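1. What follows is a protein structure lacking sequence information:
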């Protein structure tokens, strides 16, 4: 029997990466109490959890993976407007707090994405969730991963979003492109990774969600 050849994520074709995303998200099962903080692994999260809000408000973001013929899968990201009360000017996924009318995180992520950037849910195919992430602003965020069919038009709401861009997932998943940084959290200096792309620097919880997705896709 011939041994299977391991192909790094950043060398998979667009269709191969898309099918890996579908299969791994469909099979993923996260413990109800599993939380992440930024890009840190669970052991570090447990150590610094006390520094974050004890009763965070539920929120959801959409992790939109656009199926581009030339670039394979790209991830659609936003710059938050600079006047917003939380995470102003930072790179993030579209999303926000759950509201009373939202049936679940998926409903909230789709609604917020339509409101923030004008991406119609008709182009969106939800494939699963990542574990919840706690952010310092007081939210527990459920990342909802979706494949997005091209052909959509965007209408960013300037009160929420100052710019929208796409970055190739294969680039963000290539460890050679990751930038090692040390950030001070409480009394600890913690090593983590930023994900740069053409002048954009993806970091914090947004980078953490992408690295969590990468780890899921790497697992046997």
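-> That came in fine, so what should we check first? Just so it is clear, the model here is predicted, and its values are computed rather than measured.

2. List the strands paired with the longest strand belonging to the chain, with their directions.
-> As assigned by DSSP state E, the longest strand anywhere in the chain is strand 57-68. Applying DSSP bridges, strand 57-68 is found paired with strand 72-80 (antiparallel), strand 95-97 (antiparallel), strand 139-148 (parallel).

3. and those as CSV, adding distance to residue 48?
-> Backbone N, C-alpha and C define where each C-beta goes, glycine included. Shown next, in CSV, are these (distance: least, CB to CB, whole Å):
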stretch, distance to residue 48
strand 72-80, 24
strand 95-97, 23
strand 139-148, 15
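
4. from the middle of its chain, how far away would the longest strand of the chain be?
-> Distance of strand 57-68 from the chain centroid (CA atoms, centre = their mean, to the nearest Å) equals 6 Å.

5. Let's have the strands paired with strand 57-68 in TSV, adding distance to residue 28 and mean neighbour count.
-> Listed next are the strands paired with strand 57-68 as TSV, based on distance: least, CB to CB, whole Å; neighbours: other CB atoms under 10 Å:
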stretch	distance to residue 28	mean neighbour count
strand 72-80	17	22
strand 95-97	19	21
strand 139-148	9	24
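
6. So residue 215: helix, strand or coil?
-> helix (DSSP: H, G, I helix; E, B strand; the rest coil).

7. measure residue 116 to residue 148 for me?
-> Distance, residue 116 to residue 148, by CB to CB, to the nearest Å: 14 Å.

8. Phi, psi for residue 119 please.
-> Main-chain torsions, residue 119, degrees, to the nearest 10: phi -80, psi 110.

9. Help me confirm that it comes into contact with residue 152.
-> Yes. Contact criterion CB atoms under 8 Å: residue 119 and residue 152 qualify, at 5.7 Å.

10. who's more crowded, those two?
-> Shown here are residue 119 and residue 152; by other CB atoms under 10 Å, residue 119 has more neighbours (25 against 16).
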